[in-house]
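In: model this:
(2 chains)
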Amino acid sequence: MLTYVIRRILLLIPMLLTISFLVYTALELTPGDAVSALINPELASRLTEAQFYELRESYGLNKSFITRYGIWLGNVMQGNFGHSLAGGVPISTIFLDRLPATLELSLVALFFSTVLGCILGTYSALKRGSITDSSLTVIGMVGVSIPEFFFGLVALLIFALNLGWLPVGGRLLPGYETIWDRIPHIVMPAMVLSLMMTAGVMRYARSSMLDALTRDFITTARSKGLPEWRINLLHGFRVALTPVVVLIGFRLPVLIGGSVIIEQVFQWPGLGNEFIGAVRGSDYPLVMMIALFSVFTVLMASLIIDVLTALIDPRVRLS
Amino acid sequence: MTSRSLNKKFDKILAREEAGQLSSKGGSRALKKLFNNRLAVVGILLFAIILLTAIFAPLITDADPLKIDLRNLSKPPTAEHWFGTDKTGRDILARVLYGGRVSILVGLGSGIISAIIGVLIGAYTGYKGGWPDIIALRVSELFMSFPQIILVLLLVSIIGQSLINLMIIFVLTGWGGMYRMTRARMLSLREEEYVQALRSFGLSTASICYKHILPNALGPIMVNITLSTAAFILAEAGLSFLGLGVPASIPTWGNILNVAQEIRVLQNFWWMWLPVGLVICLFVLSVNFIGDGLRDATDPSQQG
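Out: Predicted coordinates:
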């Protein structure tokens, strides 16, 4: 097991190095060099030309490309992500500020879409060929065909503007910080994001459940005379669940992508919202760092999932 | 007992096939199955209607999608302007029709180009193996470890906004899926006996993999093209909605929807965003229906 984990991590390192190298090259090619971005602009404004030059040199600006990359990578690994071009705020501060909001939204959406998708998918598989099954399949296809922002806009129009039940956007109003003030704000973005993701989970859960129901142990269970609900839920669903859990991890990129646009529609102050602002304002250091961070998250998630699958299924780690 | 009757049945089919009675129908079997699928037929009809109205836009409306009319600002639908006019008095129906041309071009065009690139690389490296295969695999992994929209926006910020750039970006981010699928098919097909026979005849690698093996992977490729087309149309709409896709001067479905970011427009001028949003949904849905139908029709495990 340990060798499997180590081998898996060793495969991950060259990937991360290559991507960080590409990001660094892009930073060097875009206006404003990567090394200057590491220096606090407030400090830089107080320095004389010569002092600033000296400081840049201490970060290795006059050294070769590879050395500069090494210095930059060292800084990034110690948490100095550089400074945003807009306002000169350290990028790590922006992360600390915005990440909780994105995590809050994504985790709520992940939870609801998984629960709803599994229930509907399993039900659909058990009622295979019925009207409920085929209408759920069609509804799922309609679901993946609606642009998420359009769905968000319609929800915004109905529930916030016409009915006035929920706030139009944002996460918190200053001064209102109890949980009851927060819930109305998250309901719409989280529900829109979860419903958009439910379709995929449902489809996968359905086929996984159908697959599980054809296995021999289901026939055995039935021949023992177990009640049908016990066969379906305790024997079938448990086996069908494993691939679904794996899928959830691989849906992380979709979740990140979806939340970028949904955050914009509902003015949710998360990392995705910040990313769009940075792309609009050509704030290259911030754009690159958020992109690098998202790749890191995705690769880490896939590592964790691989290890978990290997723990559950010994065939994986032996192959 | 059953196995013998099954054998008999199979012998009959084999005899008919050898007599050439079955092969004439073989090519159309997938098509026939496709047309028997009700949802796929609905999809094909919807797809054709939207595509044709976009192509023949000048026959449907005389209005110019770019002409600003200051006497007709933000007018709701009338007999003259079926979909109403926008904030600068431009006819929305004309914008939806002409915008459809660009949106469909971006979606279908990027879908097909990324399929061609992915298939060409995947078929060759998958068949050859060795270091070209390893390099292609690593490069595709590199592209696919980014969440797609993050990579698209990152590239937009580096190379800038234009119609061509957007298509290039879509192809760059989209070829990986097709490459992976073709490669996987190739890896299993290259061990088939007929491939060994071709190799022993001394046929060139390119001829074997593109002319003899590739047609056997055509079904999944077609399905994949429909799926990526749907994804690219949604991506174009999303990016243009954010103002980061096709430049705002060119009407596209996403650019028309851009105005809905304003709460005032969202609440009071439904005709500026609702019809075009529904058109996007219908078009993507039609593509998905076709893709699903193709999957069922070309899946050999469901043949019969």
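In: Going along the chain, name the strands of the stretch 201-319 of chain A.
Out: Counting by DSSP state E, counting those that start in this stretch, the stretch 201-319 of chain A has no strands to list.
In: quick one, helices of it?
Out: A:216-223, A:228-230, A:238-250, A:252-265, A:271-280, A:284-312, A:314-318 (DSSP state H, counting those that start in this stretch).
In: Pretty sure residue B:103 sits against residue B:256.
Out: No - Residue B:103 is beyond contact range of residue B:256, at 9.5 Å (criterion: C-beta atoms under 8 Å). Every C-beta, even on glycine, is put in place using the N, C-alpha and C of the backbone.
In: returning to that earlier point: dump the helices of the stretch 201-319 of chain A into a markdown table; add mean pLDDT and mean neighbour count as well.
Out: Shown next, in a markdown table, are the helices of the stretch 201-319 of chain A (pLDDT from 0 to 100; neighbours: other C-beta atoms under 10 Å in any protein chain shown):
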| stretch | mean pLDDT | mean neighbour count |
| --- | --- | --- |
| helix A:216-223 | 78 | 12 |
| helix A:228-230 | 74 | 10 |
| helix A:238-250 | 69 | 17 |
| helix A:252-265 | 80 | 24 |
| helix A:271-280 | 86 | 23 |
| helix A:284-312 | 82 | 19 |
| helix A:314-318 | 60 | 11 |
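In: Tell me which of these lies nearest to residue B:59.
Out: helix A:252-265 (35.2 Å; C-beta to C-beta).
In: just for the chain, where's the confidence low?
Out: You didn't pick a chain, so chain A it is. Low-confidence segments of chain A (pLDDT under 70): A:31-46, A:55-63, A:164, A:169-181, A:234, A:238-239, A:241-242, A:244-245, A:249-250, A:312-319.
In: Switch to chain B, please.
Out: If you take pLDDT under 70 as the line, chain B has these spans: B:1-3, B:17-28, B:72-74, B:79, B:81, B:89, B:299-304.
In: make it 80
Out: Filtered on pLDDT under 80, chain B yields the residue ranges B:1-6, B:8-10, B:12-37, B:57, B:59-92, B:217, B:260-268, B:272, B:298-304.
In: For it, which residues are neighbours of chain A?
Out: Contacts of chain B with chain A, taken as C-beta under 8 Å from any C-beta of the partner chain, map to B:39, B:141-142, B:145-151, B:153-154, B:156-158, B:230, B:234, B:237-238, B:241-244, B:257, B:260, B:263, B:266-267, B:273, B:277, B:280-281, B:284-285, B:288-289, B:292.
In: Show me just the buried residues among those.
Out: Among the residues of chain B next to chain A, those buried by neighbour count (16 or more other C-beta atoms under 10 Å in any protein chain shown) are B:39, B:145-151, B:153-154, B:156-158, B:230, B:234, B:237-238, B:241-244, B:257, B:260, B:266, B:273, B:277, B:280-281, B:284-285, B:288-289, B:292.
In: Of these, which belong to helices?
Out: B:39, B:148-151, B:153-154, B:156-158, B:230, B:234, B:237-238, B:241-242, B:257, B:266, B:277, B:280-281, B:284-285, B:288-289, B:292 (DSSP state H).
In: got the contact list for residue B:203?
Out: Shown in contact with residue B:203 (C-beta atoms under 8 Å, 6 or more residues apart in numbering or on different chains): residue B:212.
In: what sits against the closest residue to residue A:98 other than its chain neighbours?
Out: In space, and not counting its chain neighbours, residue A:98 is closest to residue A:271: 4.6 Å by C-beta to C-beta, 6 or more residues apart in numbering or on different chains. Residues near residue A:271 by C-beta under 8 Å, 6+ apart: A:95, A:98-99, A:101-102, A:290, A:293.
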